[in-house]
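Undergrad: When you get a sec, could you give me coordinates for this:
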Amino acid sequence: MMMKMMKVLVLGLSWVLWVSADGLHEDIAITGCSDSDGEFMYGLDGEEVWVADFINKRGVDTQPPFVDHVSYVEGAYESAEADQQVCRFNLGIARKGNKDVPLENDPPSSLLVYTRDDVELGEKNQLICHVTGFYPAPVKIYWTKNGENVTEGTSINVPFPNTDGSFRQTSRLEFIPQQGDIYSCTVQHLALDSPLTRIWDVETTPPSVGPAVFCGLGLTVGLLGVAAGTFFLIKGNECS
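TA: Just a heads-up that it's a prediction; the model follows:
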């Protein structure tokens, strides 16, 4: 499958398995290029941690702020640019050797939309659109809110390889949940006859008042019973 992709894209993978006090870890570096684009990414345990931004000519730390960051030596971006030159040279050779090999397309096998945190109205959150099982990479992902296209607050990671040779990719949307809002994530891929879309709407379950109501009602009835008993006891004493 990988050889078939080289007609339009050269992809290089480098895996390193290492052991720490926490257990076994997987370190990965991905280099990819085509006629019009390129990518270089470092990953750790299935998560993207550093990417080369060839448009703005800099390296980007993609790790969340709440983890201990993995640092990369000075010159990592320049090394990624040099790898692109090698990649495009290999792409030319691959084209000549595989010019009659048809490109195999596999559509996404799964598309999920979910939130990063539990939903609370008015509180900042993230919608995550995760697509996997497609080949070749990448996919295009679009967001809408109440039927309107949304680009502000969106991001997407580089394609990440699965063990079966397919890819997975994730897009995120920063949003503030409001009751009744409806969001959608739409995915386009070469192997799809029509785009895949998943809908997510803001639904929150109000806190249950049943136990409080029953407890309050029981307490009220109990107090009324005590009051009534006291009243009749006093009346009985008066009659005697």
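Undergrad: can you give me the strands in this structure?
TA: Remark: strands assigned in the chain by DSSP state E are 10-20, 23-33, 38-44, 47-53, 58-61, 110-115, 125-134, 140-145, 148-150, 154-156, 160-161, 167-175, 182-188, 196-201.
Undergrad: of those, which approaches G92 most closely?
TA: Across the strands of the chain, G92 has its closest neighbour in strand 10-20 (9.2 Å, Cβ to Cβ). C-betas here are computed from N, CA, C, even on glycine.
Undergrad: Now do the same contact list for Q169.
TA: For Q169, the contacting residues are 130-132, 134, 137-139, 141, 156-160, by Cβ atoms under 8 Å, 6 or more residues apart in numbering.
Undergrad: ok, now with 6 Å
TA: Listed by Cβ atoms under 6 Å, 6 or more residues apart in numbering, the contact partners of Q169 are 131, 139, 159.
Undergrad: same check, this time on C185
TA: Shown in contact with C185 (Cβ under 6 Å, 6+ apart): 113, 129, 143, 198.
Undergrad: is it in a bridge, and if so with what?
TA: Listed beta-bridge partners, C185: W143, R198 (assigned using DSSP bridges).
Undergrad: quick one on the thing from earlier: which single one of the contacts of Q169 is nearest to L91?
TA: Comparing these against L91 with Cβ to Cβ picks out P159 as the nearest, at 16.7 Å.
Undergrad: Torsion angles phi and psi at the nearest residue to that closest one once chain neighbours are set aside?
TA: Excluding the flanking residues, the one nearest P159 by Cβ to Cβ, 6 or more residues apart in numbering is A137, at 3.4 Å. A137 adopts backbone torsions of phi -90, psi 150, taken as degrees, to the nearest 10.
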